[in-house]
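Enquirer: Structure, please.
(one chain, ligands or ions: 2)
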Amino acid sequence: MIVLGIETSCDETGVALYCTERGLLAQALHSQVAMHERYGGVVPELASRDHVRRLLPLTAQILDEAGLPIDGVDAIAYTEGPGLAGALLVGASVAASIAAALDKPAIGIHHLEGHLLSPLLSADPPAFPFVALLVSGGHTQLMRVDGVGRYALLGDTLDDAAGEAFDKSAKLLGLGYPGGPAVAALAERGRPGACALPRPMLHSGDLDFSFSGLKTAVLTAVRRGLPDEQARADLALELQSAIVDVLVAKSVAALQATGLERLVIAGGVSANRRLRARLDSAQQAHGFRVHFPEAALCTDNGAMIAFAGALRLAAGPMPEPPTGFGVRPRWPLDELSAPTG
Ligand code: KG4
Ligand code: ZN
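Expert: Numbers count the residues shown, from 1 in each chain. Ligands and ions are numbered 1, 2, ... in the order given. I've put the predicted structure just below:
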């Protein structure tokens, strides 16, 4: 079965062709970062319009690369939510239209499920069950994953997500958007221990997070005055260390609480090199295995949507071709259920 995956939940247009027998056949991505940069963040209306411009040419491009005619696609998977309503509608309407024209099924995929399952696309995929740390722009969650659609929430952020803490602090530091990579780059030149930020909820005894206080602490430091580039780099390093310390400690606590031995990290923040290095050392110290998606699959992409769609379609009866479409801009991950075959 060959599934066309379409991702348009935010500021990246991603498409991919995934074959259940041969794996990933082709994928393409257009990032809107350059377009939104001057506004300091994503402008939803511009995002939607750009998805309209990019989606069909990118789809034609990957079909061409795979040497596949459009009717060689067996089903279409698209991101149904969560995300920006207008942006999601572009992907959903194109997916439903192509599916209806081809008389093939379309399946709506939860964006975070795409992230969560993306490490299964790697050469050394984790077996179920595992603990997943989902760290995207809007979510910081620990989940227990027993299979496709079998997710139990272990811990969540009470306010800002880790990605948001990176993004908002980057803005305060006068860095570009998206903030995570910009803070990480500046942190390279920081001196460890040159300044101190809190580690929110590190000892709270549960698996929840809170990152809004960090952003406030960065704001206070910025208002007090950062004399030079070195001071900004020191603060960036301390911010990254504070976020990474909390993420690593809570992930280890989640493994201990569940008794599981595999940890999967997914979502944009999982691209952070410091986080990867710290988890690498933690797995040796605590005797668990950590699985990351390939670097290119950490941030938003069409491959994870095609893959999640293929897993769900393979596990249940083929749905009928669509007669309409809808999106779910707000959609808690633990509302998903396992495919019933
Ligand atoms: O999963 P994603 O691409 O989009 C959402 O679904 O939200 O995650 C985007 C988030 C942003 O907050 C971005 O700043 C962060 O991932 N991010 C990083 C890095 N690369 C992306 N944060 C820290 N270090 C990075 N290298
Ligand atoms: Zn994402």
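
Enquirer: Setting aside sequence neighbours, what's the nearest residue to the residue nearest in space to the middle of the chain?
Expert: Note on the chain: the residue nearest the mean C-alpha position is G267, at 2.7 Å, using Cα atoms, centre = their mean. With sequence-adjacent residues excluded and distances taken as Cβ to Cβ, 6 or more residues apart in numbering, G267 is closest to S136, at 3.5 Å. For every residue, glycine as well, the C-beta is placed using N, CA and C.

Enquirer: Now do the contacts for the spatially closest residue to C10 that is not a sequence neighbour.
Expert: Spatial nearest neighbour of C10, chain neighbours left out: G83 (5.5 Å); criterion: Cβ to Cβ, 6+ apart. With Cβ atoms under 8 Å, 6 or more residues apart in numbering as the criterion, the residues that contact G83 are T8, S9, C10, H111, V327, P329.

Enquirer: Which secondary structure element is home to G83?
Expert: If you go by DSSP states H and E, G83 is not part of any helix or strand.

Enquirer: Spatially, what comes nearest to A92 if we skip its sequence neighbours?
Expert: F325 (4.4 Å).

Enquirer: do you know how far the one you found is from I107?
Expert: 11 Å (Cβ to Cβ, to the nearest Å).

Enquirer: Comparing those two, which residue is more hemmed in?
Expert: Using other Cβ atoms under 10 Å, the more surrounded residue of F325 and I107 is I107, with 24 against 20.

Enquirer: Quickly note the distance from that one to T13.
Expert: Counting by Cβ to Cβ, the gap from I107 to T13 is 19 Å.

Enquirer: swap in V252?
Expert: 36 Å.

Enquirer: neighbour count winner among those two?
Expert: T13 (29 against 18).

Enquirer: roughly how far out does stretch 214-224 sit from the chain middle?
Expert: 27 Å (Cα atoms, centre = their mean, to the nearest Å).

Enquirer: That one: which residues count as buried?
Expert: L214, K215, A217, V218, A221, V222 (16 or more other Cβ atoms under 10 Å).

Enquirer: Tell me who's in contact with V148.
Expert: L117, A308, L311, R312, A315, A338, P339.

Enquirer: how about it, phi and psi?
Expert: phi -60, psi 120 (degrees, to the nearest 10).

Enquirer: If you count neighbours, what's buried in stretch 295-308?
Expert: L297, C298, T299, D300, N301, G302, A303, M304, I305, A306, F307, A308.

Enquirer: So which of these belong to helices?
Expert: Using DSSP state H, the subset of those located in helices is G302, A303, M304, I305, A306, F307, A308.

Enquirer: Present the residues you listed as a markdown table; the columns should include pLDDT and distance to ligand 2.
Expert: Listed next are those as a markdown table, based on pLDDT from 0 to 100; distance: Cβ to the ion, whole Å:
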| residue | pLDDT | distance to ligand 2 |
| --- | --- | --- |
| G302 | 98 | 12 |
| A303 | 98 | 12 |
| M304 | 98 | 9 |
| I305 | 98 | 10 |
| A306 | 98 | 15 |
| F307 | 98 | 14 |
| A308 | 98 | 12 |
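
Enquirer: mind checking the backbone torsions on the residue of the stretch 51-200 of the chain found nearest ligand 2?
Expert: Of all residues in the stretch 51-200 of the chain, S136 sits closest to ligand 2, at 4.2 Å by Cβ to the ion. S136 has phi and psi values of phi -110, psi -170 when expressed as degrees, to the nearest 10.

Enquirer: Does it touch E164 like I think?
Expert: No. Applying Cβ atoms under 8 Å, one finds S136 not in contact with E164, separated by 9.6 Å.

Enquirer: Near ligand 1, which residues of the stretch 101-250 of the chain? Just list them.
Expert: H115, S136, G137, G138, G163, F166, D167, P178, G179, G180, P181, A184 (Cβ under 6 Å from any ligand atom).

Enquirer: change it to 5 Å
Expert: S136, G137, G163, F166, D167, P178, G179, G180, P181, A184 (Cβ under 5 Å from any ligand atom).

Enquirer: Most neighbours of all those, which one?
Expert: Greatest neighbour count in these, by other Cβ under 10 Å, goes to F166: 31 neighbours.

Enquirer: and stretch 287-305, is it in reach of ligand 1?
Expert: Yes. Stretch 287-305 lies within reach of ligand 1 by Cβ under 5 Å from any ligand atom, at T299, D300.

Enquirer: First-to-last residue distance for that stretch?
Expert: 31 Å (Cα to Cα, to the nearest Å).
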